[in-house]
Every structure is written in structure tokens, then in C-alpha cells.
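>>> Model the following, please.
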Amino acid sequence: MKIARTLLGLTLAASLSVSAAFAADYTIKPKVTELKVSPERVLLVGNSFMYYNCGVNGYISGFAKDKGKKLSVTMATIGGAGLDWHDVKSYLRPNGLRSYSTTNDGSNKLIFHKYPGGKVFEAVVLQDNSQGPIHPELKKFFEKYGAIHSKDIRATGAEPLFLMTWAYHGRPEMTQQLADATTKVANDNNAMVIPAGLAFANALKERPDLKLTVADNRHPTAAGSYLEAAVIFAALTHTSPEGANYLGGCEKPLSEKDAQFLQGIAWKTVKDFYGWK
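Next up is the predicted model:
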């Protein structure tokens, strides 16, 4: 009985230790924890953290198809860009992005899209330079253009979101710094935050052997892009990516074991961060 109580105490202590470690990754809570409407057309605005491994848009679409969600994802990215490099207002004009597309049945037939009221996208995800929100010379641009873009996005009837990026490999202190800086700007603009950075940190706590960044210590591996997409999908749709058969794309599918692990981390991170049940 004494041994059993000791083991139970150790188990509870370990559990509390892990929970405390997860909680320590951010100090500012999100003000907005859910979108008003589950979007069907989404624009991603960012840089190479989005377009690595053939683009996180393809990964998000893979989850959407597997889960039976109607979700089209368009991406506007510039290598190394901060939000100040993007003219988001121009991306939202009715005759611009996603004004037409081609079928994927081999015929290459053009389809011209019409949008009632000129509302092309229902949600726009904003991702700054990977160190922009905390860089002493760049954070002012993140704050300024985060506000400008949020206003322009809302003028079209869409909802803005901010993507929280991850710490560089070997720089774990960046997790909380990026989390708090991103959440503060999102809260200031009454916008939702997508906690990809927290998911990366949580995954590495449980699986430090899993490579989520490439040799430059910042850009995502296929597993990193998969996790990023799983978090974005979960936040946008309020749907768990768990159980998806989709293993990734760009000729770099993951093992079922790794995919299932990352799906679980994504969903737990999102639920904990937003306080979802």
C-alpha cells in the first residue's frame, strides 16, 4: 500500500510538473478564442515559415479533405517578410487573389469566381517575420501593421487572425516571448491567435527526438509543417485533426506514429490555449 501511494504521488507530481511546464510557455491569455463563423475561404499571409515543404496551405487542405470540411486556402507569401512588406488590402480586392482557378481533373479548365458583396475571404491569417514580434527594431512594425491589416481585413467582412510562430532550435526562451508578443497584438486588435509556437514546444517536450526544424534551426521540416497545419486547421474549424489518415504531402509523408502524435499535440495545445472543452 505504501509503495502504491508512493507511485501515485510520483505520477501526480510528474503530471503536475508537465502541466506547469506547458503553462509557463505563455503569460498573456487570448481574448478571442473562437471565430464568429467557421470560414470556407481563408487567406494565409506570411513568409517561408508558411511556404516551406510545398506550402502549409496544402497540408491544411489535406486535413480538411480528410475531415470532410469545406475549406479552400490561398497563400500570399514573401521570403523573409514581416507584415510591413505585405499590402494586405490589395490582396482582398474582388478582382485579385482567387478571382479564378483551374480544375484539377487534367483539363485545366478555367473557373471564374464571383463573390457576393466582394467578400473573397472569410478569414485572413497574418504571420510576421519569425523574430519580428520580439525584435527590438522590428516589433514596432509588427504592432503598427498588425493594426492596419486587421482594420482592412474587417472592412471586407472577414476576420483577422495572428499566427504565433515557434522558437528557433536551441532558443527555447523564444517560445514565451513570441507567444506573449503575438497574443498582446492580437488582443489589442480583438483578433484570434493560432498557437503553433506552443504546439512546437509541447511536441518537443514529449518527443525531443522529433526534428521539427531543418539545419538552419528555424524553418520547418515536413513534420513541422504538418504540425503547423494541424494547429491552423484546428483553430479555424474547431475540429480535432486526430484520427486523420492524411500523412502530409510534398513527397514527404510522415509515419502513422508521428502523424498521430502531432495530431494529438495540435489538438491538446489548441484546446488548452483557448479553454475549449
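>>> Residue 29 and residue 180 touch, don't they?
No: Residue 29 lies out of contact with residue 180 (CB atoms under 8 Å); the separation is 10.0 Å. Every C-beta, even on glycine, is put in place using the N, C-alpha and C of the backbone.
>>> Who has more neighbours out of those two?
For residue 29 versus residue 180, neighbours defined as other CB atoms under 10 Å are more numerous around residue 180 (17 against 12).
>>> Which of the residues in the helix or strand containing that one are classified as buried?
In this structure, residue 180 sits in helix 173-188 according to DSSP states H and E. Residues of helix 173-188 classed as buried: 174-187 (neighbour count, 16 or more other CB atoms under 10 Å).
>>> quick one: buried residues of the helix or strand where residue 89 lies?
According to DSSP H and E, residue 89 maps onto helix 88-91. Of the residues in helix 88-91, 88, 91 count as buried by neighbour count, 16+ other CB under 10 Å.
>>> do the same with stretch 213-222
Quick answer for stretch 213-222 (16+ other CB under 10 Å): 213, 218-222.
>>> Ok, stretch 129-140 next?
Those buried within stretch 129-140 under the rule 16+ other CB under 10 Å are 129-135, 138-139.
>>> Grab the most central residue of the chain for me.
Nearest residue to the geometric centre of the chain (CA atoms, centre = their mean): residue 232, 3.8 Å.
>>> sec struct for that residue, please.
Using DSSP: H, G, I helix; E, B strand; the rest coil, the secondary structure recorded for residue 232 is helix.
>>> which ones are touching it?
Remark: with contacts taken as CB atoms under 8 Å, 6 or more residues apart in numbering, residue 232 is in contact with 44, 56, 60, 125, 163, 194, 196.
>>> Could you give the number of residues near the fifth one?
By other CB under 10 Å, the residues close to residue 163 number 25.
>>> Check the closest residue to residue 146 other than its chain neighbours and give its pLDDT.
Counting by CB to CB, 6 or more residues apart in numbering, the nearest residue to residue 146 once its immediate chain neighbours are dropped is residue 185, at 4.6 Å. Looking at residue 185, its pLDDT is 98.
>>> same thing with residue 237?
With respect to pLDDT, residue 237 has a value of 98.
>>> For it, list the residues it contacts.
38, 64, 67, 69, 71.
>>> Report the two of those separated the most.
38 and 67 (12.0 Å; CB to CB).
>>> Looking only at neighbour counts, state which of the two leads.
When residue 38 and residue 67 are compared for neighbours, residue 67 comes out ahead with 18 against 15, by other CB under 10 Å.
>>> Need the phi and psi values for the more buried one.
phi -90, psi 0 (degrees, to the nearest 10).
>>> What is the subsequent helix or strand relative to the helix or strand of the chain with the lowest mean pLDDT?
Least confident helix or strand of the chain, by mean pLDDT, DSSP states H and E, is helix 2-23 with a mean of 42. Next helix or strand after helix 2-23 toward the C-terminus (DSSP H and E): strand 41-46.
>>> all strands of the stretch 151-277 of the chain, in order?
Counting by DSSP state E, counting those that start in this stretch, one finds strands in the stretch 151-277 of the chain at the ranges 159-163, 192-194.
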